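> Could you work out the structure for the sequence below:
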Amino acid sequence: MAGSTWTPPAIRYRSRVHFDELDPNGHLHNTRFALHVERATTAAFAAAGYDTETIAGRHPDLHYVVRAFQIEFHAPVTGAGDLTVRLHLAELGRTSATWTFHCGREPNATGTRTIVKVSADGRPQPWSQRLRDWHATLLHGPRSPES
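Sure, this is the predicted structure:
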């Protein structure tokens, strides 16, 4: 379609906020946002066909560590209920991937989360072609037959 611009897709995940995650003011405790972003990331891997249910024998792309987590709070999440987390793949490196995230509608919090694929001894390892193909779709959209 002429004149249109393509926007990288957001992965949307509804994460349940439970009563025990609230601080004395009834707001989602600041430390709990990381957990909800982690759940959204796990759901994204599962939606891409990775088995996120088992530990033994899991795909090597699921052996990663969090290198950085940055968050800025804009408004409190009040009460228990569903929290929408939107993920966008911002950058894919040889061994790392950086996601941006938005939590809530306003959004209530935004930030970035960088993961690094590692071997059993903790050394950085390159991502598989399978993961690169999935991420290429997230970064650039589906390829047309003529590309």
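> C-alpha from now on. contacts and neighbour counts both.
Will do.
> pLDDT averaged over stretch 31-47 - what is it?
Averaged across stretch 31-47, the pLDDT comes to 95.
> Would you mark the buried spots in that stretch?
Under the neighbour-count criterion of 16 or more other CA atoms under 10 Å, stretch 31-47 has 33, 36-37, 39-45 buried.
> For His59, give me its contacts.
Applying CA atoms under 8 Å, 6 or more residues apart in numbering to His59 gives the contacts 50-51.
> returning to what we had before: just the ones of the buried residues of stretch 31-47 in helices?
Among the buried residues of stretch 31-47, the ones falling in helices (DSSP state H) are 33, 36-37, 39-45.
> Distance to His18 for the residues you listed - can I get that in TSV?
Formatted as TSV, these follow (distance: CA to CA, whole Å):
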residue	distance to His18
Phe33	12
His36	11
Val37	15
Arg39	14
Ala40	16
Thr41	19
Thr42	19
Ala43	18
Ala44	21
Phe45	23
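> ok, these vs Ala75, which is closest?
Ala75 lies nearest to Phe33 out of these, by CA to CA, at 12.5 Å.
> Can you show me the helices along this protein?
Assigned by DSSP H, the chain shows helices spanning 33-47, 129-140.
> So for the chain, the centremost residue is which one?
Thr41 (3.5 Å; CA atoms, centre = their mean).
> wait, what's in contact with that one?
Contacts of Thr41 by CA under 8 Å, 6+ apart are Leu87.
> For it, give its distance to Arg86.
10 Å (CA to CA, to the nearest Å).
> Which positions in the least confident helix or strand in the chain by mean pLDDT come out as buried?
Within the chain, no helix or strand scores below helix 129-140, which has a mean of 86 by mean pLDDT, DSSP states H and E. Residues 135, 138-139 are the ones in helix 129-140 that count as buried (16+ other CA under 10 Å).
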